[in-house]
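>>> please work out how this folds:
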Amino acid sequence: MNKQLSTLVLFLAPAWALAQTSPSVTPALKPSASRAEIKLKAKDLAVAVDAAEAALTPQEMAIAERVHVGKLPCELGSSVSVTADPKAPGYFDVQLQKLKFRMFPVATSTGAIRLEDHKAGAVWLQLANKSMLMNQKIGKRLADECMSPVQVAVAESLKKNPGVSVLDAPVAK
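Numbering: from 1, shown residues only. The predicted structure is shown next:
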């Protein structure tokens, strides 16, 4: 028995045991359930878990509304595709070549837009002038200098009118 199937059996065993002792409770699976029935119940359970995870807070939904979507060109000729999931508002599919991530917004103290895929350890960080894709598990930046048309305009503006450097700021006396 594979690991997922054994986990499902362990998960459903208490419900089955209760159904055996209480005639008013219908068991989730019959004791003679086939492998196909168990897989179907596992799939239903996975869909229910995904639906529970899909509920985002109003703050996270506000962050999701500010995410730049589309194919964003990056440095070294690569590109990252960011697509909003129409079935799960606030969730995004982020793809770099063959790497695919399912991400959701996370609030930050700096106001930067941050999307995460906890399972893969991936993070999409969107600043005003660029975005980057990182893998926290391996501690590596996968893509940098990714820019939507809006970010290109901000980057050009910063080149023409750079802000005051912390080093150049007047010292208070």
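
>>> spatially central residue for the protein, please.
What sits nearest the mean C-alpha location of the chain, by C-alpha atoms, centre = their mean, is residue 103, with 1.4 Å.

>>> that one and residue 41: what is the separation?
As defined by C-beta to C-beta, to the nearest Å, residue 103 lies at a distance of 28 Å from residue 41. Using the backbone N, CA and C atoms, a C-beta is placed for each residue, glycine as well.

>>> now stretch 34-44: average pLDDT?
Averaging pLDDT along stretch 34-44 gives 74.

>>> got it, and stretch 80-99?
96.

>>> gap between that stretch and the chain center?
8 Å (C-alpha atoms, centre = their mean, to the nearest Å).

>>> what residues sit buried inside it?
By 16 or more other C-beta atoms under 10 Å, the buried positions in stretch 80-99 come out as 80, 82, 88, 90, 91, 92, 94, 96.

>>> give me the residues contacting it.
Contact partners of stretch 80-99, identified using C-beta atoms under 8 Å, 6 or more residues apart in numbering, comprise 50, 54, 56, 60-61, 64, 67-72, 74, 78-79, 100-105, 115, 117, 122, 124, 131, 133, 142-143, 146.
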